[in-house]
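**Q** with the input below, show me the fold.
(one chain, ligands or ions: 2)
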Amino acid sequence: MIGRLNHVAIAVPDLEASIAQYRDTLGAVVGAPQDEPDHGVTVVFIELPNTKIELLYPLGDSSPITGFLEKNPAGGIHHICYEVDDILQARDHLLAQGARVLGTGEPKIGAHGKPVLFLHPKDFNGCLVELEQV
Ligand SMILES: C[C@@H](C(=O)O)C(=O)SCCNC(=O)CCNC(=O)[C@H](O)C(C)(C)COP(=O)(O)OP(=O)(O)OC[C@H]1O[C@@H](n2cnc3c(N)ncnc32)[C@H](O)[C@@H]1OP(=O)(O)O
Ligand SMILES: [Co+2]
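**A** Ligands and ions are numbered 1, 2, ... in the order given. Purely as a prediction, here's the structure:
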């Protein structure tokens, strides 16, 4: 059911410093910061030849990454995103398997303009999973 790795997301405490580090120290192609108010984050995509890195920084008063950054003040890997062909079919299969789909259970439009869903990290070895329909 899951396909390609779409991105690995890293929550960061200082977005400008992380942008400079990926661009100047690691020599990567770094995109412009993009506010995602529906998700409570500002994102920056870093294009790698085989996948993307998504830098995450809190946006607004109730960002879903605030608690994570409090527990991990230096930042850390926050989630991985797998591609799926049919997100509703994937969701229904996962629910039938006993996995917990976060939020309302209905896909939201993600940073690439495509439907996304999140799965509870406690159901996947402590790893928050995002699914993106491509
Ligand atoms: C724009 C879009 C895109 O790419 O298109 C995005 O990615 S938006 C990316 C941002 N959006 C999201 O993350 C949406 C989905 N996330 C959520 O609904 C939430 O962040 C939860 C994953 C449910 C966590 O919520 P919250 O921090 O309030 O819960 P909590 O502090 O009570 O945490 C419950 C337990 O889960 C653990 N926990 C929390 N966040 C975690 C993470 N990212 N990875 C692994 N474990 C995590 C906590 O340490 C805790 O474990 P212990 O009990 O053992 O201490
Ligand atoms: Co993501």
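
**Q** show me where the protein has its strands.
**A** Along the chain, the stretches classed as strands by DSSP state E are 5-11, 29-30, 34-36, 41-47, 52-58, 76-84, 108-109, 115-119, 128-133.

**Q** export those strands to JSON lines and tack on distance to residue 100, mean neighbour count and mean pLDDT?
**A** No exception for glycine: its C-beta is placed from N, CA and C like everyone else's. Shown next, in JSON lines, are the strands of the chain (distance: least, Cβ to Cβ, whole Å; neighbours: other Cβ atoms under 10 Å; pLDDT from 0 to 100):
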{"stretch": "strand 5-11", "distance to residue 100": "19", "mean neighbour count": "20", "mean pLDDT": "98"}
{"stretch": "strand 29-30", "distance to residue 100": "33", "mean neighbour count": "16", "mean pLDDT": "98"}
{"stretch": "strand 34-36", "distance to residue 100": "22", "mean neighbour count": "14", "mean pLDDT": "98"}
{"stretch": "strand 41-47", "distance to residue 100": "21", "mean neighbour count": "20", "mean pLDDT": "98"}
{"stretch": "strand 52-58", "distance to residue 100": "21", "mean neighbour count": "22", "mean pLDDT": "98"}
{"stretch": "strand 76-84", "distance to residue 100": "14", "mean neighbour count": "19", "mean pLDDT": "98"}
{"stretch": "strand 108-109", "distance to residue 100": "16", "mean neighbour count": "12", "mean pLDDT": "98"}
{"stretch": "strand 115-119", "distance to residue 100": "7", "mean neighbour count": "21", "mean pLDDT": "98"}
{"stretch": "strand 128-133", "distance to residue 100": "11", "mean neighbour count": "20", "mean pLDDT": "98"}
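
**Q** what does the chain put close to ligand 1?
**A** Taking Cβ under 6 Å from any ligand atom as the criterion, the neighbours of ligand 1 within the chain are 9, 36, 39, 41, 43, 54, 56, 64-65, 67-68, 71, 78-79, 81, 102, 110-111, 116, 118, 121, 126, 128, 130.

**Q** circling back to that earlier point, among the strands of the chain, which is nearest residue 96?
**A** strand 115-119 (13.4 Å; Cβ to Cβ).

**Q** which strands or helices does that closest one pack on?
**A** Packed against strand 115-119 by the contact rule (3 or more Cβ pairs under 8 Å, 6 or more residues apart in numbering; DSSP states H and E) you find helix 87-96, strand 108-109, strand 128-133.
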